[in-house]
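# mind folding the following:
(4 chains)
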4 protein chains.
Amino acid sequence: MSIQNKRKIINDPVFGFIHIPSGLLYDLIQHPYFQRLNRIKQLGLSYLVYPGAQHTRLQHSIGAMYLTVEAVKHLQFQGNEITDAEAEGVYAAVLLHDIGHAPFSHIMEHAFAEGMSHEEITMLMMRKINAEMDGKLDLALKIFENKYPKRFLHTLVSGQLDMDRMDYLRRDSFYTGVSEGTIGSARIIKMLDVADDKIVLEAKGIYSIEQFLIARRLMYWQVYFHKTSVAAERMLINIVRRAKELAGQGVELFASPALRYFLYNKVTKHDFLTKEETLANYALLDDSDLLCAIKVWMSHDDKVLSMLCDMFTNRKLFKIKESDVPFDDDVVSEQIARYMNRLGISEHEAAYFTYRGSFASDTYTKGEDNINILYRDGSTKDISEASDMLNISVLSKQVRKHYFCYMKDEE
Amino acid sequence: MSIQNKRKIINDPVFGFIHIPSGLLYDLIQHPYFQRLNRIKQLGLSYLVYPGAQHTRLQHSIGAMYLTVEAVKHLQFQGNEITDAEAEGVYAAVLLHDIGHAPFSHIMEHAFAEGMSHEEITMLMMRKINAEMDGKLDLALKIFENKYPKRFLHTLVSGQLDMDRMDYLRRDSFYTGVSEGTIGSARIIKMLDVADDKIVLEAKGIYSIEQFLIARRLMYWQVYFHKTSVAAERMLINIVRRAKELAGQGVELFASPALRYFLYNKVTKHDFLTKEETLANYALLDDSDLLCAIKVWMSHDDKVLSMLCDMFTNRKLFKIKESDVPFDDDVVSEQIARYMNRLGISEHEAAYFTYRGSFASDTYTKGEDNINILYRDGSTKDISEASDMLNISVLSKQVRKHYFCYMKDEE
Amino acid sequence: MSIQNKRKIINDPVFGFIHIPSGLLYDLIQHPYFQRLNRIKQLGLSYLVYPGAQHTRLQHSIGAMYLTVEAVKHLQFQGNEITDAEAEGVYAAVLLHDIGHAPFSHIMEHAFAEGMSHEEITMLMMRKINAEMDGKLDLALKIFENKYPKRFLHTLVSGQLDMDRMDYLRRDSFYTGVSEGTIGSARIIKMLDVADDKIVLEAKGIYSIEQFLIARRLMYWQVYFHKTSVAAERMLINIVRRAKELAGQGVELFASPALRYFLYNKVTKHDFLTKEETLANYALLDDSDLLCAIKVWMSHDDKVLSMLCDMFTNRKLFKIKESDVPFDDDVVSEQIARYMNRLGISEHEAAYFTYRGSFASDTYTKGEDNINILYRDGSTKDISEASDMLNISVLSKQVRKHYFCYMKDEE
Amino acid sequence: MSIQNKRKIINDPVFGFIHIPSGLLYDLIQHPYFQRLNRIKQLGLSYLVYPGAQHTRLQHSIGAMYLTVEAVKHLQFQGNEITDAEAEGVYAAVLLHDIGHAPFSHIMEHAFAEGMSHEEITMLMMRKINAEMDGKLDLALKIFENKYPKRFLHTLVSGQLDMDRMDYLRRDSFYTGVSEGTIGSARIIKMLDVADDKIVLEAKGIYSIEQFLIARRLMYWQVYFHKTSVAAERMLINIVRRAKELAGQGVELFASPALRYFLYNKVTKHDFLTKEETLANYALLDDSDLLCAIKVWMSHDDKVLSMLCDMFTNRKLFKIKESDVPFDDDVVSEQIARYMNRLGISEHEAAYFTYRGSFASDTYTKGEDNINILYRDGSTKDISEASDMLNISVLSKQVRKHYFCYMKDEE
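Residues are numbered from 1 along each chain as shown, chains lettered A, B, ... in the order given. From the prediction side, this is the model:
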């Protein structure tokens, strides 16, 4: 952490020196739950496309905390009361907002426990730490859950212009080398204010927000939904699915005990809420459990599993086709038939070499946590109405793309 | 120029080492007309707002040439025929595209010779150099004037996605410190191709173009039309107007001979076309003639001129108000009346302490030199139709802002 | 890899777009041996101090190849004959120069097979690939082994100014955020030439080389030998030692088969040379095997192993003291005695919570692959004689620092 | 200045947003003496070699102030008492440390008033401002003149590790594009402390200081003493010398009144101290007075002056030879003879087309304001003794280079 004796400082390639604002924050950074984030890549498998994208959730979380410190200082300067305790609370909430993430971040979101989002697991972990720390996170938890009276503080943690997004856009842009995806985080922060208990943006900041929304959109299509990256992710999902299926049939699979726990048990939300061991095992999982197991599974007896794992490890990734409309069943079944024929496997097995799905990026969702623009006369407007550029209906429109992943024929 | 012996190289903070592609290009860079650009700031008076913005037209022109080299190499790789002579022609055309600029670039565009654009002067200067060089610029001139059969080459020089814009957006973003205004010039260039004798962009580049258009828009409002900057520019325009008026009355004014030529003569387009001395004097003008004269005029007997010059030199700039609708005559005349009263000057004189005007930025103009998107099936579409984000009508809509500049009351 | 259809391009945050120069190079990048490098961190455990330092050997190898392409182009321009085959050979040699690295790079260098350096394993792997590729790497191997007649080509692969160092200094500086450790790789490359079959540097480049040597020295002490980083590395070494000891006693340990192979067998150089399985298992090892196993070992019955693994995983790192002279036996044995007492363990076991050692950085070693400066008269001089700044004796002097690592008393 | 309403902020490409710490500092920035620095290039004529180097003394001064704010905050955190008044005093002293500079900075240092350094003029100007501001700069002046009891404050303004050097090295590196000349200003500041009323550096910062000294050395030879740049500077000096000579003979020369004052009078230090008009005229001079006059002088009757001015304006610069020993009189007189012959001018006149001189860069001067290293035991040592790398005698040794500039023969 490059923590220096008297003053805790972290050297960040994106923001320079970052000061850790208090002893509590330092203790949270040192907590095993938080240190685990240093073994989970921020961008999942994007490093297979952008080799620079090896950065972790830990760096991102610290960066988001840094931006929150800057934002709080600015809001205080603007005359908004934020007490020291509230400031520390919101810093802690931002720092910990991602601790519930699964290995490879979003990709494995529901792979280990159906119906359990990473936000819910984050909450469980925060409560656990809070118990260990005798309630020092009470206020942070309230802010995180949006139960704290000063609701604008929650918006810094989670909203359409939160410090999470601010950091990840700049950081992902930096590490992928997609430099035009960068955003003016410092400029945006200088234009924040509070009105009606909400974070608002001074009217002159409107162009910065447009740029922020478009940069986010660029990053979605250029990085987050990059075809090769999506293909690799679907492959990983199919691997874990197949492994769970085999585990369910009692087939022996190499796995760390924590990974084994989730492969051999059908873990539910209920388990998380009732059994200590579930969260304990989850807290031990990181990218290495999967990477390591998958390499071992390359020589497993199951043809489907071993082939997928070999293809994954050695970067012989799925091909992918995209379309504005869903892919026909025929396309899928023809491909599956080809694999059945070639490999002498069942339809069910052959399906593991394909993946049909879709993704949608809404650049801006009009709803509870709108981006509001503050005018000099004190009135506010939603960005989608304030911008003369970004058409409201277009801005909020989800763009959905359908894709079909499949194994290369002559692999 | 950091020209090294064997290989001509220029060290550019934006693009790193830039190689000068040929001896002809080197000779053009050394030409007095081109060297003059090193004494004309790229962003006029923006340095009064963004102190870093001291970069010159010379750097920009060399940067644009660099991008053109990259683009030509890529287009050749894609299978488009561009001969060595054509390549050199387009490099020369881009390198010289700005030589006709007046001091402080756009601000003084029509101050010295009404009805004469900088493009027209550029053409005159290119022809002059061509004559000196025995026709070595024939091809460059044809491309510049869009009279060369391979019309796509002209688009690299002048179009909605030309190398000029590519360079100035990146460079102005770099020097102002408005880092989020940067664009992915390298990525865009990698996606260029030619179809129907036009530069087109592969479909997957659509997000980069959206980002390019929005970054351009941001730079317009954040930098090019920055209120303080506009106020300073209008002040400069009024100074030159007043100086010309006094000159017309025979009042003696300190000025370099070249500046004097334009102050004391009503220079017209006709003069440029018929008298050698007009272009010769113009070619001697740069920022220093104005900066130097204005300082001297601070102690001129004329109260209007001396006050304006003092305010300009010592950064006591006009105030500015903006509005979506034009300012009423009343607003202006009330302000003028106040100055008449306070300074004991005529209405005509007092008007020099105000400036009413408007500016408009159209992010994208649908017309001849559209940005066309190339699809896999070979078809092309205008970006405004291809983008699902940037609403066509909005995209091409001019946003006009009205402003009213005036001297601070208690100055 | 962001490999585009027609032209293979990799997006690198340090150097921008990198073109893969040929099909052979592309195939090498796709080889499992090379892809494995994307799972081995370039800077071992430095990410525990500099969270940004997550970059991998794969990125570094591609970066070094990029710089080699630039250097070869420049040397050719200077009139030195380098054929296409030679160019491809040297690119391949540089690309593959690190494939033999163990997990966490240098730290585990001798942990798995005593007396076997990563260079030797690199050679074995290159030969293996060469056999698979029917000799396409013959020339690359000759250059790598310095058996090719044009010996200057080898210097680009391995020497005191090789492309390896050029890349890692810039890259490590970039990812750690120690921005002043950056070097002028582009400038240095522009000043390379060949004399007496050696790479030499034009005399005017002498200041750049001084800066290069001093930046390297800064990076050594600021990053590579950072105290916390060294403490973490020694902890990792002790963990693997203990695990091997327990394995030798037949104690059961969780491990991937590849890791198990090296824990339960005393693998020697001879094994590498005679048994296919040795290299095959080695080629499966990466950071994840260790990270994953260590987490599991946190709950192993062996107190020493479990404590070390818990401390490692949760960043409760060894403390470290440094000295210019070796630490006394007394210091070590007193500390060990304290642990024996506190934990009720043997002296042998307690010793695992300490580590005494030293490291030495010689900024410049005068020897075979000197950095030679070329003067206008054609004569050359060793940099240590050519520089009036960097005293020769000092420059080549090894600076040795002794350290003593130990577990915090009240952990 | 991009001064925002409530909070004064300047957008700096090097350091990002810079806050102006107080109203006094803001008023100083607005003062005509300070605004004049925005018309004086930081690096004189380096822009003729590095086209990016157009940055001004104003930007540098604001950057140095920014670093001082950072340093003061850090020193206070370390427990050193610095009152608000002292902090503002040292900020003001740093902000104004360069206001006395002549056009083109150092080049014209003694051209206008012999025996008058820019520091002495700075002092005169500070006193003038202080008088206007009713003594608000009393403390700043004491610190600037090293008459304030807390002497360590002066070291921040002027010393071997002062904020001036910190800023100019980073800034000049940024604008020239010589990126490896950058220094770790943030890291160095984090390691400052005070001992014996002096600024000292914690021992672990020793490598950063070595890097700082070597980067400075690189910048000296790569930028500040770049041959082409030196040649241009000597040309400018000769131009002004010739102009003064002609003025002394009563020859009429175009010049702004301020420039005329210094050309037609033999201004001495005594004049500065006794006549108000001397400083008043000096305060009106900036780069534009010279650039503008030189262009006009291109058509002056005096052959020497007109030729020099033409060569200067159109970048037909002197050639330059360098040597470790002084150039013989013969070399000079032979060259002069050639010009006499060719141009039919006197020896005295022909000498204007040559310039013989030398420059010396001492990387580190042992003396009053040493860089002292602070050890854990409280003892301090001079860096030249503390560093095991930078040999003391070498470090302080002046490296002197001799040069001879001359007009190209066939110009």
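# quick one: least confident helix or strand in chain A?
In chain A, no helix or strand scores lower on mean pLDDT, DSSP states H and E than helix A:392-396, which sits at a mean of 61.
# what's the first helix or strand after it?
Counting by DSSP states H and E, the next helix or strand C-terminal to helix A:392-396 is strand A:399-406.
# now that following strand: buried residues?
By 16 or more other CB atoms under 10 Å in any protein chain shown, the buried positions in strand A:399-406 come out as A:399, A:401-406. C-beta here means a position set from N, CA and C on the backbone, and glycine is covered the same way.
# residues contacting the closest residue to A:Thr354 other than its chain neighbours?
Setting aside the residues directly before and after it, A:Thr354 is nearest to A:Tyr406 in space (CB to CB, 6 or more residues apart in numbering or on different chains), at 4.7 Å. Contact partners of A:Tyr406, counting by CB atoms under 8 Å, 6 or more residues apart in numbering or on different chains, are A:318-320, A:335, A:353-355.
# A:Val72: neighbouring residues, count only.
The burial metric for A:Val72, expressed as a neighbour count using other CB atoms under 10 Å in any protein chain shown, is 24.
# pLDDT score for it?
According to the model's per-residue confidence, A:Val72 sits at a pLDDT of 98.
# for A:Ser333, see how far away the residue nearest to A:Thr354 is.
Taking CB to CB, to the nearest Å as the measure, A:Tyr406 falls 12 Å from A:Ser333.
# which stretches in the stretch 1-150 of chain A count as helices?
With DSSP state H, counting those that start in this stretch as the criterion, the stretch 1-150 of chain A has helices at A:23-30, A:32-35, A:57-77, A:84-96, A:118-132, A:138-144.
# determine the three-state secondary structure at the residue nearest to A:Asn265 when sequence neighbours are not counted.
Spatially, and ignoring its direct neighbours in sequence, A:Asn265 is nearest to A:Asp271 (7.5 Å; CB to CB, 6+ apart). Recorded secondary structure, A:Asp271: helix (DSSP: H, G, I helix; E, B strand; the rest coil).
# point me to the residue of the stretch 301-411 of chain A nearest chain C.
Across the stretch 301-411 of chain A, the shortest distance to chain C (CB to the nearest CB) belongs to A:Asn314, at 4.4 Å.
# ok, that residue - contacts?
Contacts were defined as CB under 8 Å, 6+ apart; by that measure A:Asn314 touches C:32, C:35.
# tell me the spacing between it and A:Trp221.
For A:Asn314, the distance to A:Trp221 (CB to CB) stands at 27 Å.
# ok, the residue nearest to A:Asn265 - contacts?
A:Asp271 makes contacts with A:113, A:265, A:278, as judged by CB under 8 Å, 6+ apart.
# in CSV: those residues, plus neighbour count and distance to C:Tyr339.
What follows is the contacts of A:Asp271, written out as CSV (neighbours: other CB atoms under 10 Å in any protein chain shown; distance: CB to CB, whole Å):
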residue, neighbour count, distance to C:Tyr339
A:Ala113, 22, 40
A:Asn265, 18, 39
A:Thr278, 24, 35
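# pick the one among the residues you listed closest to C:Ala386.
Taking CB to CB as the measure, C:Ala386 sits nearest to A:Ala113 out of these, at 65.3 Å.
# now the closest one: closest residue in space that isn't a chain neighbour?
Taking CB to CB, 6+ apart, and ignoring the residues beside it in sequence, A:Ala113 has A:Val267 as its nearest neighbour in space, at 4.5 Å.
# buried stuff in the helix or strand hosting A:Glu245?
When elements are defined using DSSP H and E, A:Glu245 is found to belong to helix A:227-248. For helix A:227-248, a neighbour-count test (16+ other CB under 10 Å) marks A:227-240, A:242-247 as buried.
# can you tell me the SS state at the residue nearest to A:Ala113?
Following three-state DSSP, the label given to A:Val267 is coil.
# what number of residues lie near it?
By other CB under 10 Å, 19 other residues sit near A:Val267.
# A:Lys269 too?
Using other CB under 10 Å as the criterion, A:Lys269 is surrounded by 15 other residues.
# what do you get for A:Ser346?
Every residue meeting other CB under 10 Å relative to A:Ser346 is counted, giving 11.
# check the one 3 residues further on too.
In terms of burial, A:Glu349 registers 19 neighbours under the definition other CB under 10 Å.
# immediately after the strand or helix carrying it, which helix or strand?
Taking DSSP H and E as the criterion, A:Glu349 maps to helix A:347-350. Following helix A:347-350 in sequence order, the next helix or strand is strand A:354-361 (DSSP H and E).
# on that earlier part again, would you list the contacts of A:Asp271 in a markdown table and tack on pLDDT?
Below are the contacts of A:Asp271 laid out as a markdown table (pLDDT from 0 to 100):
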| residue | pLDDT |
| --- | --- |
| A:Ala113 | 81 |
| A:Asn265 | 95 |
| A:Thr278 | 96 |
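# what is the nearest of those residues to chain C?
The closest of the contacts of A:Asp271 to chain C turns out to be A:Thr278 (CB to the nearest CB; 16.4 Å).
# which residue comes closest to that closest one once chain neighbours are left out?
With CB to CB, 6+ apart as the measure, A:Asp271 is the residue that lies nearest to A:Thr278, at 4.5 Å, once sequence neighbours are left out.
# what segments of the stretch 151-300 of chain A are helices?
Defined through DSSP H, counting those that start in this stretch, the helices belonging to the stretch 151-300 of chain A, from first to last, are A:152-157, A:163-176, A:185-190, A:206-219, A:227-248, A:257-264, A:269-274, A:276-282, A:287-297.
# and those, which one averages the lowest pLDDT?
When mean pLDDT is averaged over each of the helices of the stretch 151-300 of chain A, helix A:206-219 scores lowest at a mean of 88.
# so which elements touch it?
Other helices and strands packing on helix A:206-219, by 3 or more CB pairs under 8 Å, 6 or more residues apart in numbering or on different chains; DSSP states H and E, are helix A:163-176, helix A:185-190, helix A:383-386, helix B:206-219.
# switch to 7 Å and redo it
When contacts are defined as 3 or more CB pairs under 7 Å, 6 or more residues apart in numbering or on different chains; DSSP states H and E, helix A:206-219 sits against helix A:163-176, helix A:185-190, helix B:206-219.
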